[in-house]
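Visitor: I would like to see how this sequence folds:
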Amino acid sequence: MFKQNYRNDNRSRRFGGKPSFSRGKYIDPNRFIKKAEPILNAPAYVPKHAFIDFQIDERIKANITKIGYITPTPIQDQSIPLVLNGHDVVGIANTGTGKTAAFLLPLLNKALKNPNENILVIVPTRELAQQINEEFIKFGRNLKMFSVCCVGGASISQQVNNLRYKNNFVFGTPGRLKDLIERRAINPAQFGTIVLDEADRMLDMGFINDMRFIMAKMPANRQTLFFSATTSPEVGVLIKEFLKNPQTVSVKTGDTSKNIDQDVIRVGRDKQKIDVLHELLNKPEFSKVLIFGKTKHGVEKLSKTLTERGFKAESIHGNKNQSKRQRALQSFKGNHVNVLVATDVAARGLDIPLVTHVINYDIPATYEDYVHRIGRTGRAGQTGKALTFLG
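Guide: Model (predicted):
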């Protein structure tokens, strides 16, 4: 009943032209069931540094203090000194553990010390690129540092125009960056630093050729930072291919967050999934819910059905243009709607505060996808709930 078909498309042909079967594997439904562990029982990480201890510009420290950051997360605590010292770094950490600040803060300092330094940050999705750009603006307030966000679904002519100005940071998705390079709006040889964030997801989404195209045009003496939430033989190949003598920081604590209560919803023959979902969403504790579906069409249809049933719902998927996707995401973040129906485009890297429940309306293609879906809840020390529909 639960077995998923293998995908056999061009995006699966990642290495040597051979199809990859990492997508669409059978997942034992018992893996969707796990009680959350009491947060108080989790051993506290004792950082070696406070943010004020890092050898970074005092103006950056002032911005960090205004934001309210005091104690680094493990990935920040261990990665920032390595990046400051110019090492190539491989960072392996669970989703929601502060990887963005782990590279943005030391690279901001690098750009301040050398105004001619150009930094390229590549991520798998438009939303993540924009989120990182927003973090850059907060960390870089009053520093006269500039950035441009280059993603699909937005005006490429506007991006070309923005790239004519001095930008210390360029944030983008692989496909759009490749397009801009081919148009000669971006010259990778001018970038001394590159960050591959959520690299495992970019690999999974079939961006390997675009990544190799970009990396081949980068200077040989660049600094490369590689962040991933999962490891695999294919990820290992990329690390060997793209990085030189990297320092590895691994603070991954397990497949899923320990403070997410996970369970399944079995739908009997006498019930419809949509009716069961309706009953769940009517419960008061389901106050901010992220629902994942398999296809763009299915997600849009489910969102409209929930709206017709009286719920404040929005959708986010690849068929929506970037402005509509961003409005939907901001409406959910700002609590103007309390239900967001999404494809896996929203499963990686996005920081959405106080999501009470993640619901897998459709079973994810892989267990790794499941891990990243449910990682949108149970963040910042909160307990979250994840439910997966079966049947």
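
Visitor: Please, where are all the strands along the stretch 201-350 of the chain?
Guide: Secondary structure of the stretch 201-350 of the chain (DSSP state E, counting those that start in this stretch): strands located at 223-228, 247-250, 260-266, 289-292, 313-316, 339-342.

Visitor: now the stretch 51-200 of the chain
Guide: Using DSSP E, counting those that start in this stretch, strands in the stretch 51-200 of the chain cover 89-92, 119-122, 147-150, 169-172, 193-196.

Visitor: Out of the strands of the stretch 201-350 of the chain, which gets nearest to P124?
Guide: Among the strands of the stretch 201-350 of the chain, the nearest to P124 by Cβ to Cβ is strand 223-228 (11.0 Å). Glycine gets a C-beta too; all of them are placed from N, C-alpha and C.

Visitor: so what secondary structure elements neighbour that closest one?
Guide: Strand 223-228 is packed against strand 89-92, helix 99-113, strand 193-196, helix 199-204, helix 233-242, with contacts defined by 3 or more Cβ pairs under 8 Å, 6 or more residues apart in numbering; DSSP states H and E.

Visitor: Without its sequence neighbours, what residue ends up closest to S232?
Guide: D200 (7.0 Å; Cβ to Cβ, 6 or more residues apart in numbering).

Visitor: can you list the strands of the stretch 51-200 of the chain in CSV and add distance to N133, mean neighbour count and mean pLDDT?
Guide: Output for the strands of the stretch 51-200 of the chain, formatted as CSV (distance: least, Cβ to Cβ, whole Å; neighbours: other Cβ atoms under 10 Å; pLDDT from 0 to 100):
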stretch, distance to N133, mean neighbour count, mean pLDDT
strand 89-92, 20, 25, 96
strand 119-122, 9, 24, 98
strand 147-150, 5, 22, 97
strand 169-172, 5, 26, 98
strand 193-196, 13, 26, 98
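
Visitor: As a markdown table, these with distance to R376 would be great.
Guide: As requested, these are exported to a markdown table (distance: least, Cβ to Cβ, whole Å):
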| stretch | distance to R376 |
| --- | --- |
| strand 89-92 | 19 |
| strand 119-122 | 21 |
| strand 147-150 | 22 |
| strand 169-172 | 21 |
| strand 193-196 | 22 |
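
Visitor: Least confident of the helices and strands packed on strand 223-228, on average?
Guide: When these are ranked by mean pLDDT, helix 199-204 comes last with a mean of 86.

Visitor: who touches that helix?
Guide: 14, 22-23, 122-125, 174, 196, 208, 211, 226-232, 234-235, 238, 348-349, 368, 372 (Cβ atoms under 8 Å, 6 or more residues apart in numbering).

Visitor: hmm, try it at 6 Å
Guide: With Cβ atoms under 6 Å, 6 or more residues apart in numbering as the test, helix 199-204 has contacts from P124, F226, S228, T230, E234, V235, R348.

Visitor: Quick check, pLDDT for G349.
Guide: We have a pLDDT of 62 for G349.

Visitor: Could you single out the nearest of the contacts of helix 199-204 to L277?
Guide: Nearest to L277 among the contacts of helix 199-204, with distances taken as Cβ to Cβ, is R348, at 23.5 Å.

Visitor: hmm, back to that, would you mind saying which of the strands of the stretch 201-350 of the chain lies nearest R31?
Guide: Ranking the strands of the stretch 201-350 of the chain by proximity to R31 (Cβ to Cβ) places strand 260-266 first, at 8.6 Å.

Visitor: Check which residues of the closest one are buried.
Guide: Of all the residues in strand 260-266, those buried under the rule 16 or more other Cβ atoms under 10 Å are I260, D261, Q262, V264, I265.

Visitor: name the element the residue nearest to the first one when sequence neighbours are not counted belongs to?
Guide: Counting by Cβ to Cβ, 6+ apart, the nearest residue to I260 once its immediate chain neighbours are dropped is G378, at 4.0 Å. In this structure, G378 sits in neither a helix nor a strand according to DSSP states H and E.

Visitor: pretty sure G378 contacts V371?
Guide: No: counting by Cβ atoms under 6 Å, G378 stays clear of V371, with 11.8 Å between them.

Visitor: one step back: out of the strands of the stretch 201-350 of the chain, which is closest to C149?
Guide: C149 lies closest, by Cβ to Cβ, to one member of the strands of the stretch 201-350 of the chain: strand 313-316, at 17.1 Å.

Visitor: Give me the residues contacting that closest one.
Guide: For strand 313-316, contacts defined as Cβ under 6 Å, 6+ apart pick out 299-300, 303, 306-307, 325, 328-329, 331, 337, 339-342, 346.

Visitor: cutoff 8 Å now
Guide: Contacts of strand 313-316 (Cβ under 8 Å, 6+ apart): 127, 299-300, 302-304, 306-307, 325, 328-329, 331-332, 337, 339-343, 345-346.

Visitor: CA atoms of that strand as PDB?
Guide: Only the C-alpha atoms of strand 313-316 are listed here, as PDB (Å, rounded to 0.1, in the frame of the first residue of the first chain):
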ATOM      1  CA  ALA A 313      -5.100  28.700   3.900                       C
ATOM      2  CA  GLU A 314      -2.500  29.600   1.300                       C
ATOM      3  CA  SER A 315      -0.300  27.500  -1.000                       C
ATOM      4  CA  ILE A 316       3.300  27.500  -2.200                       C
END
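
Visitor: mind listing what that strand pairs with, with the direction of each?
Guide: strand 339-342 (parallel) (DSSP bridges).

Visitor: then the partner strand to CSV, C-alphas only?
Guide: Extracted C-alpha coordinates of strand 339-342, given in CSV (Å, rounded to 0.1, in the frame of the first residue of the first chain):
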residue,chain,number,x,y,z
VAL,A,339,-2.5,26.9,7.1
LEU,A,340,0.1,26.7,4.4
VAL,A,341,-0.1,23.9,1.9
ALA,A,342,3.2,23.2,0.2
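
Visitor: Point out where the stretch 1-150 of the chain drops to low pLDDT.
Guide: Within the stretch 1-150 of the chain, the segments meeting pLDDT under 70 span 1-24, 38-43.

Visitor: The same query, at a cut-off of 50, please.
Guide: Judged by pLDDT under 50, the stretch 1-150 of the chain has its weakly predicted residues at 1-23.
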